[in-house]
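> Sequence and predicted structure are below.
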Amino acid sequence: MTEATDPLRVEYGAEVDGLRVVRQAPPADAASFSATYVGPGGWGFDREGREGAARLVNQLVTSAAGRYDRVELARLLDRSGATLSRQCAPESAEVTVWGPATEWERLLGILADVVLRPRFDPSDVARARRQMRERQLRESTQPASRAERELLHAVFPSGHPYRESGLGNARSLARLSRADLERFHREHYTSGEASLVVTAPARLTAVERAARRLFSGFAESHGPTLVLPPVAPPRPAERAVNLPGRAQVEVRVGGASIARSAPEYPAAFLANEILGGRPLLSRLFQRVREKGGLAYHASSELEAMRFGGYWVAEAGTGADRWRRVVPMLREEVDRLRTERVSSSELDATRTSVIGEIPLALESTSDAHELAVDVAYHRLPADYWITWPDVLRAVRPEEIQTAAALALDRRTSMTVFAGPVRNR
């Protein structure tokens, strides 16, 4: 397999007015292609009083664009056997098109339309606004989403891009005008600090030519700068959210963490996998759910982004059992810092992680996610080829050190949401 045909290696091409072009070969015998625009359109850029703009814009760009209204765009995609999807996060926004590899250049043109020329038709804005309002209500009343919101509020100060979920509130959503949406789109769907990632059989030179022809209409060529205020390490504390009438209590323990670029990231990644990232192998799953039978789910996550991150250990349990679950989560997080992980446990987790990489090459869409990850984080072109060796080199003592830095319960917060009035 040559470099140009290995889907685990990306090719960085020339910039198109500041837009980074990245090409990835599709998996062997794949009949489909994927392309993603990823740029600085996350909700961390929402203006004060206009919270919700990033998510609303991200939803609307795939609704209608250029000369196609919502129905016409849906029919065009259907005739092409293609789909559009989008994703919004604190730091970034993504728009992805997927479809037949034989139609890659025409579908890339559709992606260019939705990224550069969204219509923001009034009926679409009204519909998206209603859907956002429904999500706001669920976030306030459902134990899982409420626990996540309260944890981030407890960990990050006001104005921090990781503090909110991007949904805004009823007032900020109502205040968003079409002019607000157009302004956010103009300033944040830019060529600066953005990448176009294409997974297709076409050569890099052909992808570059198509990108120059299709993606040359950005209003802004310089991306905005995300500002992260300092996070003062809090003392461990608890926050209870009583939601009467709910049958389940959601527990979250977490705090601020490291960025993806931190040298400790590989060891911290494995530490999280040992804690709760592997559904069957992890300590939280084994102790809280499998052996204890005390939770509907138990896991952990290390959200290491470009500029910073956070970690969370979580469980969902019954109203009569959550008091027993909370100390278990805390003890397992502490144990990573205070006890050295055994070589056998580390090897089992590491083998499982490495074994998943070839599975991502079974479909174009899964392989494409690897390339988007590399492009957004500005990782080396051969990152996924060398990643297994990086993980194999991590020693047990490095797990312990990284856990103390990236999953430190000494500066964590604990939140429980559900029927917890009599706690």
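Sure thing, it's come through.
> Surely residue 81 and residue 99 touch.
Yes - proximity of residue 81 to residue 99 meets the contact threshold set by C-beta atoms under 8 Å, at 5.8 Å. Every C-beta, even on glycine, is put in place using the N, C-alpha and C of the backbone.
> neighbour-wise, which of these two wins?
Between residue 81 and residue 99, counted using other C-beta atoms under 10 Å, the more crowded position is residue 99 (23 against 12).
> State the pLDDT value of the more buried one.
Looking at residue 99, its pLDDT is 98.
> Give me the nearest residue to it, chain neighbours excluded.
Of all residues not flanking residue 99 in the chain, residue 82 sits nearest, at 3.1 Å (C-beta to C-beta, 6 or more residues apart in numbering).
> Tell me how many other residues crowd that neighbour.
Using other C-beta under 10 Å as the criterion, the residues surrounding residue 82 number 19.
> Residue 153 now?
Neighbourhood size, residue 153 [other C-beta under 10 Å]: 17.
> Torsion angles phi and psi at it?
For residue 153, the backbone dihedrals (degrees, to the nearest 10) come out as phi -70, psi -40.
> What residues does it make contact with?
Counting by C-beta atoms under 8 Å, 6 or more residues apart in numbering, residue 153 touches residue 163.
> what's the answer for residue 197, then?
Here residue 197 is in contact with 10, 22-24, 35-36, 38, 368, 371-372, 375 (C-beta under 8 Å, 6+ apart).
> among those residues, which are in helices?
Counted as lying in helices by DSSP state H, out of the contacts of residue 197, are 368, 371-372, 375.
> what's the closest of those residues to residue 171?
Ranked by distance to residue 171 (C-beta to C-beta), the ones in helices among the contacts of residue 197 are led by residue 372 at 34.1 Å.
> got a pLDDT number for the closest one?
pLDDT, residue 372: 98.
> before we move on, what about the one 4 residues further on?
Looking at residue 376, its pLDDT stands at 97.
> do the same with residue 5
pLDDT, residue 5: 89.
> Any figure for the gap between it and residue 405?
39 Å (C-beta to C-beta, to the nearest Å).
> just residue 321 next, same as before
32 Å.
> Check the secondary structure at residue 84 for me.
Recorded secondary structure, residue 84: strand (DSSP: H, G, I helix; E, B strand; the rest coil).
> need the contact list for the residue lying closest to it once chain neighbours are set aside.
Once flanking residues are discounted, residue 84 sits nearest to residue 62: 4.4 Å by C-beta to C-beta, 6+ apart. Listed by C-beta under 8 Å, 6+ apart, the contact partners of residue 62 are 84-86, 95, 114.
> List buried residues within the residues you listed.
Using 16 or more other C-beta atoms under 10 Å as the burial test, the contacts of residue 62 include 84, 86, 95, 114 as buried.
> what ranges of the stretch 1-150 of the chain fall below the confidence cut-off?
Regions of the stretch 1-150 of the chain meeting the criterion pLDDT under 70 cover residues 1, 3.
> Which stretches in it count as strands?
In the stretch 1-150 of the chain, the strands defined using DSSP state E, counting those that start in this stretch lie at 10-16, 19-24, 32-39, 83-88, 93-100.
> any idea how far residue 384 lies from residue 25?
Separation of residue 384 from residue 25 (C-beta to C-beta): 12 Å.
> Could you tell me which residues touch both of those two?
Taking C-beta under 8 Å, 6+ apart as the contact rule, residue 384 and residue 25 both touch residue 9.
> Pick out whichever of those two has more residues nearby.
Shown here are residue 384 and residue 25; by other C-beta under 10 Å, residue 25 has more neighbours (25 against 22).
> and that one, backbone torsions?
Dihedral angles for residue 25 - degrees, to the nearest 10 - are phi -70, psi 140.
> Could you verify my assumption that it touches residue 6?
Yes - counting by C-beta under 8 Å, residue 25 touches residue 6, with 6.2 Å between them.
> Around residue 61, how many other residues sit close by?
Applying other C-beta under 10 Å, we find 27 residues neighbouring residue 61.
> same check, this time on residue 379
If you count neighbours by other C-beta under 10 Å, residue 379 ends up with 16.
> Please name the spatially closest residue to it (chain neighbours excluded).
Nearest non-adjacent residue to residue 379 (C-beta to C-beta, 6+ apart): residue 373, at 7.5 Å.
> do residue 39 as well
Closest to residue 39 by C-beta to C-beta, 6+ apart is residue 194, at 3.2 Å.
> got the contact list for that neighbour?
Residue 194 makes contact with 18-20, 37-40, 223, according to C-beta under 8 Å, 6+ apart.
> what do you get for residue 150?
Counting by C-beta under 8 Å, 6+ apart, residue 150 touches 239, 241, 252, 415, 417.
> Can you say which two of those residues are spatially most distant?
The largest separation in those, counting by C-beta to C-beta, is between 241 and 252 at 10.4 Å.
> so what's in contact with those two at the same time?
Residues touching both residue 241 and residue 252 by C-beta under 8 Å, 6+ apart: 147, 150, 415-416.
> In CSV: those, plus distance to residue 341.
Shown next, in CSV, are the shared contacts of residue 241 and residue 252 (distance: C-beta to C-beta, whole Å):
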residue, distance to residue 341
147, 28
150, 31
415, 27
416, 28
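> In helices, which of these appear?
Using DSSP H, the subset of the shared contacts of residue 241 and residue 252 located in helices is 147, 150.
> wait, which of the shared contacts of residue 241 and residue 252 is closest to residue 396?
Of those, the one sitting nearest to residue 396 (C-beta to C-beta) turns out to be residue 415, at 31.0 Å.
> Spatially central residue for the chain, please.
Nearest to the geometric centre of the chain sits residue 89, at 5.7 Å (C-alpha atoms, centre = their mean).
> What sits closest to it if chain neighbours are left out?
residue 42 is the one closest to residue 89 (C-beta to C-beta, 6+ apart), at 5.1 Å.
> from the buried ones among the contacts of residue 62, which is closest to residue 187?
Ranked by distance to residue 187 (C-beta to C-beta), those are led by residue 95 at 16.3 Å.
> So residue 241 and residue 252 - more neighbours on which side?
When neighbours are counted by other C-beta under 10 Å, residue 252 comes out ahead of the other of residue 241 and residue 252, with 26 against 17.
> How is that one assigned, secondary-structure-wise?
Here residue 252 is recorded as strand under three-state DSSP.
> where's it relative to residue 380, distance?
For residue 252, the distance to residue 380 - C-beta to C-beta - is 34 Å.
> if you skip the residues just before and after it, what's nearest to residue 123?
Closest to residue 123 by C-beta to C-beta, 6+ apart is residue 70, at 7.8 Å.
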